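**Student:** the sequence and its predicted three-dimensional model are supplied below.
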Amino acid sequence: MRGEFSLIERFLEAFPRARAPRGPGDDCAVLAPTRGALCVTTDTVVEGVHFTREGFSPEDIGHKALAVNLSDLAAMGATPRWFLCALALPRDFPEGQLRRLARGMSALARAHRISLVGGNFTSARELSITLTAAGELQRPALTRGGGRPGELLYVSGTLGEARLGLLQLQAGRRRGTAILRQRRPVPRVALGRLASRFASAGLDVSDGLAQDLGHLCDASRVGAVVELAHLPLSPAVRAELGPVGALAGGEDYELLLAVPPERAQAFERACARAGERVTRIGQLTRQRRRVLRDPDGRLLPPPPGFDHFTRGRSLD
């Protein structure tokens with residue numbers, strides 16, 4: 001009969017030795033920060049809410065669990081260093097799938113040079129993974145509260161594909177670009193570090209741009225105007241969801257940034273040199289309201305974003 005500690009050993013086989021004085025195996029990890037202040041975040045992915053085992057491979061699940069935490073570090077401009085993993089597994093969860101989940105997580109960890117330094121295993125009715133990740137800051141952290149009226153709003157990548165991918169999975173499709181964005185989000189870690197040189201505020205787009213823009217505006221005590229015609233959308237998202245629909249979907253894990261006008265050109269040039277796609281989509285305002293402006297100049301209210309407790313988002 002397999003036990004907790006044999007499962008831990010199988011999981012750890014996928015990860016290299018932690019770059020820390022003490023890593024997995026003791027009651028606590030011992031860390032040695034070398035640069036600046038630490039950023040620490042935690043997030044959970046839960047079966048039936050963020051993934052299903054029918055629609056996601058074990059590698060997808062492991063990747064996504066780490067990616068959503070790396071995205072939080074990216075939003076603050078931090079360099080990832082360490083993470084803890086708490087796994088809640090059904091008693092009949094196959095050992096082979098556990099190894100594959102670890103491989104998916106480990107591949108992303110290696111790509112971002114972040115070390116697994118500890119965690120916990122427990123049994124549960126549904127699979128869930130809670131990670132706590134820490135990164136180091138070389139500059140002051142990007143926060144939601146640093147925006148000022150007149151600053152320009154930028155967003156990375158494209159919007160709405162994760163929502164479209166979710167809808168496609170619910171319709172029975174299993175492949176496609178949008179589905180890949182739902183299964184394997186890309187944390188914008190390099191862009192976050194670059195943006196920390198230019199931006200005054202930022203956060204990652206996890207609950208939909210409309211809702212996350214609201215978080216930035218509330219924390220900064222400003223309003224915003226977003227130009228619908230400027231939103232970066234793929235042809236599929238534009239056709240299936242439209243600009244307003246793209247704003248309502250969660251799990252894009254792009255970065256939303258407020259940049260002072262005098263730094264905007266330098267920021268755009270730096271992004272172009274680094275191969276980071278960013279699009280100017282609007283501006284912060286003194287009036288504390290958030291509006292969308294359509295191509296005809298009409299002002300529209302933004303749609304709601306995703307909320308775990310008011311809008312159920314089940315993949316079943």
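**Tutor:** In hand now; what should we look at? Numbers count the residues shown, from 1 in each chain.
**Student:** ok, which stretches of the stretch 151-300 of the chain are helices?
**Tutor:** Here the stretch 151-300 of the chain has its helices, by DSSP state H, counting those that start in this stretch, at 161-170, 177-183, 189-195, 209-220, 235-240, 242-248, 261-274.
**Student:** any regions of the stretch 1-150 of the chain where pLDDT drops low?
**Tutor:** Across the stretch 1-150 of the chain, residues meeting the criterion (pLDDT under 70) sit at 1-5, 18, 20-27.
**Student:** remind me, longest helix of the chain?
**Tutor:** For the chain, the helix with the greatest residue count under DSSP state H is helix 58-76.
**Student:** only alpha carbons, please: show that one as PDB.
**Tutor:** Extracted C-alpha coordinates of helix 58-76, given in PDB (Å, rounded to 0.1, in the frame of the first residue of the first chain):
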ATOM      1  CA  PRO A  58      -1.500  16.000 -15.700                       C
ATOM      2  CA  GLU A  59       1.400  18.000 -17.300                       C
ATOM      3  CA  ASP A  60      -1.100  20.800 -18.000                       C
ATOM      4  CA  ILE A  61      -2.300  20.800 -14.400                       C
ATOM      5  CA  GLY A  62       1.200  21.000 -13.000                       C
ATOM      6  CA  HIS A  63       2.100  23.800 -15.400                       C
ATOM      7  CA  LYS A  64      -1.000  25.800 -14.700                       C
ATOM      8  CA  ALA A  65      -0.600  25.600 -10.900                       C
ATOM      9  CA  LEU A  66       2.800  27.100 -11.000                       C
ATOM     10  CA  ALA A  67       2.100  29.500 -13.900                       C
ATOM     11  CA  VAL A  68      -0.600  31.400 -12.000                       C
ATOM     12  CA  ASN A  69       1.800  32.000  -9.100                       C
ATOM     13  CA  LEU A  70       4.600  33.100 -11.400                       C
ATOM     14  CA  SER A  71       2.100  35.500 -13.000                       C
ATOM     15  CA  ASP A  72       1.600  37.200  -9.600                       C
ATOM     16  CA  LEU A  73       5.400  37.600  -9.200                       C
ATOM     17  CA  ALA A  74       5.600  39.000 -12.700                       C
ATOM     18  CA  ALA A  75       3.000  41.600 -11.900                       C
ATOM     19  CA  MET A  76       5.200  42.900  -9.100                       C
END
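**Student:** run the chain-centre distance for that helix.
**Tutor:** Distance, stretch centre to chain centre, for helix 58-76: 6 Å (C-alpha atoms, centre = their mean, to the nearest Å).
**Student:** which helices and strands sit right next to whichever helix or strand comes after that helix?
**Tutor:** Where DSSP states H and E defines the elements, the next helix or strand beyond helix 58-76 is strand 79-89. Here strand 79-89 touches helix 4-12, helix 58-76, helix 95-111, strand 115-123, strand 128-136, helix 189-195, going by 3 or more C-beta pairs under 8 Å, 6 or more residues apart in numbering; DSSP states H and E. Any C-beta I mention is one placed from the backbone N, CA and C, and that applies to glycine too.
**Student:** and those, which is most packed in?
**Tutor:** helix 58-76 (a mean of 26; mean count of other C-beta atoms under 10 Å).
**Student:** and the angle from that helix to strand 79-89?
**Tutor:** Helix 58-76 and strand 79-89 are oriented at 140 degrees to each other (axes from the mean of the first three to the mean of the last three C-alpha atoms, to 10 degrees).
**Student:** helix 58-76 - contacts with which helices or strands?
**Tutor:** Helix 58-76 packs on strand 38-46, strand 79-89, helix 95-111, strand 128-136, helix 177-183, helix 189-195, strand 201-205, going by 3+ C-beta pairs under 8 Å, 6+ apart.
**Student:** how about those, which one is nearest Ala266?
**Tutor:** helix 189-195 (10.9 Å; C-beta to C-beta).
**Student:** hmm, who's touching the closest one?
**Tutor:** Helix 189-195 is contacted from outside by 70, 73-80, 112, 138, 142, 156, 202, 255, 257, 259, 267, 270-271, 274, 276, 278, using C-beta atoms under 8 Å, 6 or more residues apart in numbering.
**Student:** alright, I will stop here.
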